[in-house]
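sequence plus the predicted model coming up.
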Amino acid sequence: MNWDRIEGNWKQLKGKALEQWGRLTNDDLDVVAGRRDLLAGKIQERYGVAKDEAERQISAWEDSASDDWFNGARR
């Protein structure tokens, strides 16, 4: 999946991010606003993981994104 597409639909996809990273708050995700680097920083902060681990998690999440995520976001 293309990160630009995730970033462009961030408000609709925040729920998917909360499913993946339950320790993040809505406020965290509002600050992130679809920016991958800020998401990595928040994951590091909340989970106590290194930057490379946070990036790995984001990549796996991005790879799991499907068109259904975006189709549901437009309903």
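Happy to help now that I have it. Numbering: from 1, shown residues only.

and residue 60, how many neighbours?
10 (other C-beta atoms under 10 Å). Just so you know, the C-beta spots here come from the backbone N, C-alpha and C atoms, and that holds for glycine as well.

ok, and for the helix or strand bottoming out on mean pLDDT in the chain, which residues are buried?
None of the helices or strands of the chain scores lower by mean pLDDT, DSSP states H and E than helix 67-73, at a mean of 75. Buried residues in helix 67-73, counted by 16 or more other C-beta atoms under 10 Å: 69-70.

using CSV, write out every CA atom in that helix.
Extracted C-alpha coordinates of helix 67-73, given in CSV (Å, rounded to 0.1, in the frame of the first residue of the first chain):
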residue,chain,number,x,y,z
ASP,A,67,-8.7,-1.5,-0.5
ASP,A,68,-11.4,-2.5,2.0
TRP,A,69,-9.9,-0.1,4.5
PHE,A,70,-10.4,2.8,2.1
ASN,A,71,-13.8,1.7,0.8
GLY,A,72,-15.0,1.6,4.4
ALA,A,73,-13.5,5.0,5.0
